[in-house]
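In: Take this sequence and fold it.
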Amino acid sequence: MKSPRLFLSFKIYFILSLSYDFTFSQADFWQQSNGPYGGEVTALAANSSGHVFVGTAIGGVFRSINNGDTWTPLGLAKTTVLSLIINPMGHIFATSGGRGRVYCSMDNGDNWTLIKTNDRFFFILAVNSSGHLFATTSAIFGGTGSGVYRSTDNGNTWIPINAGLTRLDVYTIAIDSSEHIYAGTGGGVFRSTNNGDTWMPFGSPPIPVLSLAINPITQDIFAGTNLGVLRFNGTNWMQVLMTNTVVLSLFINLKGHVFAGTDGRGIFYSTNNGGNWKPINIGLANTSIPFVGISSSDYTFLGTLGLGGGVFRFIDNSESWTPLRLANTSVYSLAINSRGHIFAGTRFFAGVVGGILLRSLDDGESWTLANAGLPSAYVGSLVINSNNAIFAGTSNGVYRSINNGDNWAPANTGLLNTSVGVLAINSNDDIFAGTANGVYRSIDDGDNWMPVNTGLPNTSVTAIAINNSRHIFAAVLDSGIFRSSDNGEHWTSVNAGLTNKSVIALAINDIGYIFAGTDSGGVFRSTSNGDNWEHSGFTNHTVGPLVINSSGHIFAAVLDSGVFASTDNGEKWAPVNAGLTDTYVISFAINDSGYIFAGTLGNGVFRSVQTTTVVRESAEQTPVSFTLAQNYPNPFNPSTIIEFSLPQFAEVKLRVYDVMGKEVATLVNKKLHSGRHKVEWNAGDLASGVYFYRLQVNRFSETKKLILLR
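Out: Residues are numbered from 1 along each chain as shown. Next comes the predicted model:
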């Protein structure tokens with residue numbers, strides 16, 4: 001049985017006499033929202049002009065020419081960048097995952113050329129004054145490693161240089177002012193004095209050395225190990241930072257100030273060559289610091305992964321880090337509640353797969369973490385029920401929030417498979433979860449789940465959609481589409497005409513037409529409740545996700561080709577990509593005003609510049625003043641309509657108060673376009689009596705009385 005909750009519902013509408021000849025010719029259909037900022041930074045570099053470059057997981061390379069205030073995406077889109085290095089000529093070298101590709105840019109990152117492919121992960125870690133590059137292989141990711149490689153021709157050819165190097169698991173390389181090369185390995189430090197031709201052990205303890213840095217002022221060598229920081233002063237090594245700390249990264253700026261990034265204890269900072277240290281973690285959400293950093297002028301830049309990851313900036317002798325506005329998040333799920341609040345689920349790719357949840361209360365102008373109680377798990381699906389309870393499908397099961405995302409609790413009882421990639425809710429608030437082995441249903445707000453798989457093959461469910469008759473359609477991996485007309489109790493295959501059964505997305509419009517996006521097969525459409533299917537466009541293309549606005553316009557993400565729209569039920573499609581700087585769209589949501597939001601792979605959230613349901617209004621349709629009408633019916637029980645008019649785009653607040661002046665409901669609290677609007681308010685369990693509703697827009701304010709009569 002559903003738990004009783006106060007239910008104050010409202011809907012907001014445009015009630016203009018509108019022209020719906022929706023066109024896609026505006027200069028920019030999309031604009032990037034302010035984030036969500038952060039992401040996964042895997043490499044950092046700075047050139048002699050002070051330009052800062054960051055390599056990211058999935059998002060490629062970004063550049064800032066103003067000390068991190070703004071960032072421009074460069075090349076290598078959808079690439080995980082493992083390392084960045086800049087030679088004395090200003091040429092930038094980047095390596096990527098997969099087959100160890102090496103790229104070079106000779107024009108400050110604007111264009112990139114693939115110059116080498118290797119058979120394993122490849123990291124370029126150092127460059128000397130002659131431009132010789134030194135690299136290592138996959139020991140950094142826990143592989144066996146194959147020592148040090150050198151290139152003397154700008155990365156075109158590489159040779160192993162391991163003579164005397166008895167440990168091939170190389171994690172880090174550093175070069176001093178005498179061109180001596182130091183390699184940190186799983187068994188201590190080795191040194192070469194002849195450009196890497198031969199190596200000798202360098203007297204450090206035989207322990208894993210994960211990072212090396214050389215003080216540009218004193219030339220002392222610092223080694224980050226799994227037992228703290230060691231310093232070599234020309235004669236011997238000595239411990240300078242606690243022995244019980246794993247030091248993942250080291251960096252020393254031009255003033256000789258030392259930064260040590262640790263695994264779980266954040267950043268430590270020394271201004272006296274390692275004599276004393278202090279923690280500097282204010283502003284950091286993640287205290288596991290695998291990457292730090294580079295300096296430009298008076299700034300030090302830090303890159304982090306995972307929860308709270310991104311780029312941070314530090315000014316010498318300050319006490320905190322400033323997060324920078326790098327939108328490098330991969331947003332796999334989006335949902336919008338009845339108040340217009342947006343929730344975005346993300347996914348991490350570097351290191352352990354996980355994710356976070358973010359919330360925006362202002363149409364994407366700003367984002368904050370809404371993660372309390374959620375594990376660091378990939379958030380693949382978000383749905384919201386009629387009581388505004390939010391459900392998140394994650395790689396660790398279903399989580400529920402009943403306070404707008406402030407806190408989350410697991411809701412997994414009976415859920416035998418906790419890899420939940422799909423969620424859907426019907427008009428009765430029954431929830432359906434698509435997992436790696438079928439569909440589960442909850443009829444009590446997620447308190448309990450039961451499998452409902454009769455007739456379904458025991459494979460992954462990739463999409464679920466529910467029509468107005470509460471018929472459920474489930475796409476099953478490589479098995480096509482199944483339909484249930486009895487709330488999931490029984491399923492029937494409905495694949496007639498569906499020539500591609502790798503369905504990855506489903507959407508249903510108000511007249512019951514079903515649209516299916518497939519892997520490499522385009523879009524299919526059924527006008528017969530799934531009994532028959534016909535192809536509807538994008539032959540040989542992967543299509544998904546799909547979303548449909550209140551006017552029935554369909555928006556489809558086509559793999560790496562951006563967004564296409566159809567206003568005629570899929571007969572014709574037109575691209576709507578103006579302003580969309582990342583065409584790899586992986587999630588959609590549309591708010592009550594018709595604005596569409598698109599989550600991308602590595603570039604955060606974009607939103608439409610205009611509403612997708614209203615694109616033009618004639619002059620006579622625009623109100624000339626702010627007005628608030630009397631509600632109707634009045635008295636009412638339990639619902640009433642409140643209308644108001646706006647002569648211009650404005651921030652609108654519409655609230656309801658009791659006779660004591662206590663606010664009992666917020667009906668509108670967001671920006672709205674000009675026109676006449678109406679709000680439907682359901683007073684729920686409020687007592688009979690006199691209430692007041694107040695409209696506030698800019699300096700305009702008006703209050704009227706309404707009567708709830710039970």
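
In: alpha carbons only for contacts and neighbour counts from here, please
Out: Fine.

In: Okay, strands next: where are they in the stretch 351-500 of the chain?
Out: Assigned by DSSP state E, counting those that start in this stretch, the stretch 351-500 of the chain shows strands spanning 357-360, 368-369, 379-384, 390-394, 397-401, 409-410, 420-425, 431-435, 438-442, 450-451, 461-466, 472-476, 480-484, 492-493.

In: Kindly report the same for the stretch 1-150 of the chain.
Out: 9-14, 30-32, 38-39, 41-46, 52-56, 60-64, 72-73, 81-86, 92-96, 102-105, 113-116, 123-127, 133-136, 148-151.

In: Look at Phe22 and report its pLDDT.
Out: Listed pLDDT for Phe22 reads 44.

In: Three-state assignment for the residue lying farthest from the centre of the chain, please.
Out: Using C-alpha atoms, centre = their mean, the residue of the chain lying farthest from its centre is Thr235. It sits 48.6 Å away. Taken by DSSP: H, G, I helix; E, B strand; the rest coil, the conformation at Thr235 corresponds to coil.

In: Worst mean pLDDT among the strands of the stretch 351-500 of the chain?
Out: Across those, strand 368-369 gives the lowest mean pLDDT, at a mean of 84.

In: Measure how far that one is from the centre of its chain, please.
Out: A distance of 12 Å separates the centroid of the chain from that of strand 368-369, by C-alpha atoms, centre = their mean, to the nearest Å.

In: Redo the strands of the stretch 351-500 of the chain as TSV? Include mean neighbour count and distance to Gly256.
Out: Formatted as TSV, the strands of the stretch 351-500 of the chain follow (neighbours: other C-alpha atoms under 10 Å; distance: least, C-alpha to C-alpha, whole Å):
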stretch	mean neighbour count	distance to Gly256
strand 357-360	23	38
strand 368-369	16	35
strand 379-384	26	42
strand 390-394	28	45
strand 397-401	24	47
strand 409-410	16	47
strand 420-425	26	49
strand 431-435	27	53
strand 438-442	25	58
strand 450-451	18	61
strand 461-466	26	54
strand 472-476	27	59
strand 480-484	24	62
strand 492-493	17	68
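
In: Minimum distance to His535: which of those has it?
Out: Proximity to His535 (C-alpha to C-alpha) singles out strand 480-484 among the strands of the stretch 351-500 of the chain, at 14.1 Å.

In: Partner strands of that closest one and their direction?
Out: strand 472-476 (antiparallel), strand 492-493 (antiparallel) (DSSP bridges).

In: Save these as TSV, and put in distance to Gly604 too.
Out: As requested, the strands paired with strand 480-484 are exported to TSV (distance: least, C-alpha to C-alpha, whole Å):
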stretch	distance to Gly604
strand 472-476	27
strand 492-493	37
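
In: wait, which of those strands is closest to Ser520?
Out: strand 472-476 (15.3 Å).

In: What lies in contact with that closest one?
Out: Strand 472-476 is contacted by residues 457, 459-466, 481-485, 487-488, 502-506 when judged by C-alpha atoms under 8 Å, 6 or more residues apart in numbering.

In: surely Leu695 meets Glu651?
Out: No - the pair Leu695 / Glu651 is not scored as a contact, 10.8 Å apart, by C-alpha atoms under 8 Å.

In: Which one, of the strands paired with strand 480-484, ends up nearest to Leu709?
Out: Per C-alpha to C-alpha, nearest to Leu709 of those: strand 472-476, 38.5 Å.

In: what's the angle from that closest one to strand 438-442?
Out: Per axes from the mean of the first three to the mean of the last three C-alpha atoms, to 10 degrees, the angle that strand 472-476 makes with strand 438-442 is 150 degrees.

In: so where is the chain shaky, pLDDT-wise?
Out: Applying pLDDT under 70 to the chain flags residues 1-27, 98-99, 118-121, 138-145, 289-292, 296-297, 306-308, 348-354, 614-622.

In: where's Ser386 relative to Arg231, distance?
Out: 61 Å (C-alpha to C-alpha, to the nearest Å).
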